[in-house]
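**Student:** For reference, the sequence and a predicted model appear below.
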Amino acid sequence: MVSSEQRRKQLAREKYQRQQARREERRRKARLRNIAIAAAVVLVIGAGAAYAASGGLGGEEEKAKKQSSSKDTFCDKPSKGEPNGKQWKKEPALDVDESATYAMDLKTTCGDIRFDMDAAKTPHTANSFRFLAGQKFFDHTKCHRLVDRTIHVLQCGDPKATGKGGPGYTLPDENLKDPRLKGGTYPAGTVAMANRYDAQSKKGRDTGGSQFFLVFEDSKLPPDYTPFGKITKGMGVLKKIADAGSTPDPQTQNTPPRANVVIERATVTKS
C-alpha cells in the first residue's frame, strides 16, 4: 500500500517532469524561431547567415546523404568562360520605359528561366538589370545559394559566387508595399532583390546590387526585399534544382545547390 508520503513524492516527481517537458518544448520552439529569423537573414548579407538558415553543417550533410547524387544529372556542363566582373561607381542613368514590360531570359545549364520585370513599380531595379544584362555581367555566373528550409529560394547574380559580390553600386529599395506580399509571404514565382538590410538594427536600406532570388515555393519573409519580377517560364527547372538539394560549403559557409546552376547568358527584351 502506498503511503501518503510516497504519493506526495510521486506527485512531486510527475509535476517536475511536466515542468521539464514544458521547458524543453519552449526551447524547441525558440530554436525554430531562430532558424526562421536566420533564414530571412540569409538574403541580407551573408554567407554565414545562409549557413545558419540551413540549420548548420550537420543537418544539411544528413539531408544530402538521403538525396541521390544522380538528381543533378539533368544539368549540362557549363561552357567555357568566366564572369567579367565589371564594376561601376554608380547605378546607370535611369532611362527605362516605365510604361513597358521587360522580360529577362536566363539561359542556364539546368534549363531556361524567364521572368517579367515591372518597370512602373521598380524602375531602378528593372533599369539596372537591363543594363547589367547588356554588359554581359550575369553571363557565366553561378547561382551560389539554395535555401529549402523555412524559405524556398535560389539566389543568383553574384559574379564571385560567395554571396559578397556585386556591380559596385547599390540600388534603392522599391515596391516593398506590393499587395502580393500581404501576410509576410513572398509567393512562389516571385523574383526579388537580396540586400544587406538588418531588421534588428534597421540599418542597411537601399543596398541591393546584382544579387536576386527566385522563389520556388511560398516563403515567409518580411517585406524588406524588392519584388521586381514574376517567373513566366521555368518553374519546373527551379523545382528540379530544389529537389537536388544543397550542400554546405565550409569555406564560404554558403549552401550552394548540388545541381551546377550556371547562367550561361542573360538577356532582357522589351515588350
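**Tutor:** Received, thanks. Numbers count the residues shown, from 1 in each chain.
**Student:** quick one: contacts for residue 86?
**Tutor:** Going by Cβ atoms under 8 Å, 6 or more residues apart in numbering, residue 86 touches 135, 137, 167. All C-beta spots, glycine's among them, are computed from the backbone N, C-alpha and C.
**Student:** Identify the residues contacting the closest residue to residue 104 other than its chain neighbours.
**Tutor:** Leaving out its chain neighbours, the residue that sits closest to residue 104 by Cβ to Cβ, 6 or more residues apart in numbering is residue 268, at 5.0 Å. By Cβ under 8 Å, 6+ apart, the contact set of residue 268 is 102, 103, 104, 105, 117, 129, 130, 133, 134.
**Student:** Could you list every helix and strand in contact with the helix or strand harbouring the fourth one?
**Tutor:** What that stands for is residue 105. Assigned by DSSP states H and E, residue 105 belongs to strand 101-108. Secondary-structure packing of strand 101-108 (3 or more Cβ pairs under 8 Å, 6 or more residues apart in numbering; DSSP states H and E): strand 111-118, helix 123-134, strand 262-270.
**Student:** go again using 6 Å as the cut-off
**Tutor:** On a contact count with 3 or more Cβ pairs under 6 Å, 6 or more residues apart in numbering; DSSP states H and E, strand 101-108 meets strand 111-118, strand 262-270.
**Student:** Report the angle between the longest one and helix 123-134.
**Tutor:** The one in question is strand 262-270. 120 degrees (axes from the mean of the first three to the mean of the last three Cα atoms, to 10 degrees).
**Student:** change the start of the numbering to 10 and stick with it
**Tutor:** Shifting the count to begin at 10 puts that one at strand 271-279.
**Student:** Tell me which residues of strand 271-279 come out buried.
**Tutor:** For strand 271-279, a neighbour-count test (16 or more other Cβ atoms under 10 Å) marks 271, 272, 273, 275, 276, 277 as buried.
**Student:** mind listing the strands for the protein?
**Tutor:** Remark: strands assigned in the chain by DSSP state E are 110-117, 120-127, 150-151, 154-158, 160-165, 194-195, 199-202, 221-224, 228-229, 236-242, 271-279.
**Student:** What is the neighbour count of the closest residue to residue 266 other than its chain neighbours?
**Tutor:** Once flanking residues are discounted, residue 266 sits nearest to residue 155: 3.9 Å by Cβ to Cβ, 6+ apart. Neighbourhood size, residue 155 [other Cβ atoms under 10 Å]: 27.
**Student:** Contact partners for residue 155?
**Tutor:** When contacts are counted by Cβ atoms under 6 Å, 6 or more residues apart in numbering, residue 155 touches 163, 255, 264, 266.
**Student:** Name the nearest of these relative to residue 232.
**Tutor:** Nearest to residue 232 among those is residue 163, at 19.9 Å by Cβ to Cβ.
**Student:** I'd like the distance between residue 87 and residue 118.
**Tutor:** With distances taken as Cβ to Cβ, to the nearest Å, residue 87 is found 5 Å from residue 118.
**Student:** try residue 172
**Tutor:** From residue 172 to residue 118 the distance is 20 Å (Cβ to Cβ).
**Student:** And residue 150, by the same measure?
**Tutor:** Distance of residue 150 to residue 118, computed by Cβ to Cβ: 11 Å.
**Student:** neighbour-wise, which of these two wins?
**Tutor:** Counted by other Cβ under 10 Å, residue 150 and residue 118 do not tie: residue 150 has more neighbours, with 27 against 19.
**Student:** Next, the buried residues of stretch 163-182.
**Tutor:** 163-168, 170-172, 174-176, 179-180, 182.
**Student:** what mean pLDDT does it have?
**Tutor:** Averaged across stretch 163-182, pLDDT comes to 97.
**Student:** and what of stretch 146-153?
**Tutor:** On average, the pLDDT along stretch 146-153 is 98.
**Student:** Show the residue spans covered by the helices in the stretch 160-280 of the chain.
**Tutor:** 244-252 (DSSP state H, counting those that start in this stretch).
**Student:** Residue 156 and residue 29, how far apart?
**Tutor:** Taken as Cβ to Cβ, the span from residue 156 to residue 29 is 33 Å.
**Student:** With neighbour numbers in mind, choose between those two.
**Tutor:** Using other Cβ under 10 Å, the more surrounded residue of residue 156 and residue 29 is residue 156, with 25 against 10.
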